[in-house]
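>>> below is the sequence, then the predicted model.
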Amino acid sequence: MIGLIGAMPEEVSSLVSALTDAVSEKVAGVTYTRGFLAGKEVVIARAGVGKVNAALCACTMALLYHPTLLLNTGVAGALGEGVKQGDVVIATSLVQHDMDTTPLGDPPGLLTVGGENLVELVPSQKVVETLALAAEKEGVTPHFGMICSGDRFIANAAQKKEILSRFSALACEMEGAAVAHAAYAAGIPFGVLRVLSDDADCAAPACYPVFVKSAAKKSQEIVLSFLALYEE
């Protein structure tokens, strides 16, 4: 079974609507819907916005449904050079940009997961490659690189510069690294796909509401193609 997690209704609604033999249950305020999609058994959840919501959802999904893969999909802001609103980014690593114990001499973003210290969480190469094929099937040439997650909607040049001074990231959002953290701790392969809804600048608060639905729609179309292509 494959677990699919988005933060907002726009990021999972089309996937849930396309399920066959759907059965839902609500746990701790989150609805988990199980069924079949593109020939694969899946469970889909809308976690809510932010890292804590994402991690709680991923942990609950892992414990209840025992997925063999966790895939986080949705929208993000453009962060690095060469990416812009409407582009697709497939994570090759994820970091929590607001995890900061640097006053103690630690590197930015340092995490402790099951006693292991690390900064970057690395998705399954198989998942990355299959997401790339799925994007290309949908007529999209994806970008590959780091995605940063933090509990802040990035919306000005100073915030972007601050993150980029620490991490060479292409996109910023609020959940992917938390899903990756939970998956890594549980020993479950994972992947993160993002379509850029804005440029994470001063125009982002205006651009985001305009483009979030179309960006989320594109991400779900790629996920459907991914499911059809992915072989466990």
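That came through fine.
>>> please enumerate residues in contact with stretch 76-86?
87, 89, 143, 145, 147-148, 153-155, 160, 163-164, 168-173, 176, 194-200, 204, 207, 211, 215 (Cβ atoms under 8 Å, 6 or more residues apart in numbering). C-beta: built from backbone N, CA, C; applies to glycine.
>>> residue contacts, Phe226?
71, 130-131, 134, 193.
>>> can you map out the helices along this structure?
9-17, 51-65, 125-137, 157-164, 176-186, 204-229 (DSSP state H).
>>> lowest average pLDDT across the ones you listed?
Per-stretch mean pLDDT for these is lowest at helix 204-229 (a mean of 87).
>>> could you give the angle of that helix to helix 125-137?
100 degrees (axes from the mean of the first three to the mean of the last three Cα atoms, to 10 degrees).
>>> quick check: buried residues in helix 204-229?
204, 207-208, 211-212, 215-216, 218-227 (16 or more other Cβ atoms under 10 Å).
>>> now swap in stretch 94-114 and tell me
Buried-residue list, stretch 94-114, by 16+ other Cβ under 10 Å: 94-99, 108-111.
>>> now the helices of the chain as CSV including distance to Gly80?
As requested, the helices of the chain are exported to CSV (distance: least, Cβ to Cβ, whole Å):
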stretch, distance to Gly80
helix 9-17, 22
helix 51-65, 21
helix 125-137, 17
helix 157-164, 7
helix 176-186, 15
helix 204-229, 15
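>>> one step back: in ChimeraX, how would I select the buried members of the contacts of stretch 76-86?
Of those, the buried ones can be selected in ChimeraX as follows, counting by 16+ other Cβ under 10 Å:
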select :87,89,143,145,147,148,153,154,155,160,163,164,169,170,171,172,173,176,194,195,196,197,198,199,200,204,207,211,215
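>>> hang on, the earlier thing: make TSV out of the buried residues of stretch 94-114 and add pLDDT and distance to Leu4.
Output for the buried residues of stretch 94-114, formatted as TSV (pLDDT from 0 to 100; distance: Cβ to Cβ, whole Å):
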residue	pLDDT	distance to Leu4
Leu94	98	17
Val95	98	22
Gln96	98	21
His97	97	24
Asp98	96	25
Met99	96	25
Pro108	96	30
Gly109	96	26
Leu110	97	29
Leu111	96	24
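>>> out of those residues, which comes closest to Ala45?
Relative to Ala45, the closest of the buried residues of stretch 94-114 is Leu94; by Cβ to Cβ it sits at 18.8 Å.
>>> identify the residues contacting the closest residue to the closest one other than its chain neighbours.
Sequence neighbours aside, Ala177 is the residue nearest to Leu94 in space, at 4.0 Å (criterion: Cβ to Cβ, 6 or more residues apart in numbering). Ala177 is in contact with 51, 94-96, 121, 147-149, counting by Cβ under 8 Å, 6+ apart.
>>> switch to 6 Å and redo it
94-96, 149 (Cβ atoms under 6 Å, 6 or more residues apart in numbering).
>>> quickly note the distance from it to Lys137.
Note on Ala177: its distance to Lys137, by Cβ to Cβ, to the nearest Å, is 27 Å.
>>> one more: Ile90?
13 Å.
>>> which of these two has more neighbours?
Ile90 (25 against 15; other Cβ atoms under 10 Å).
>>> just grab the bridge partners of the more buried one for me.
In this entry, Ile90 is beta-bridged to Phe144, Leu193, by DSSP bridges.
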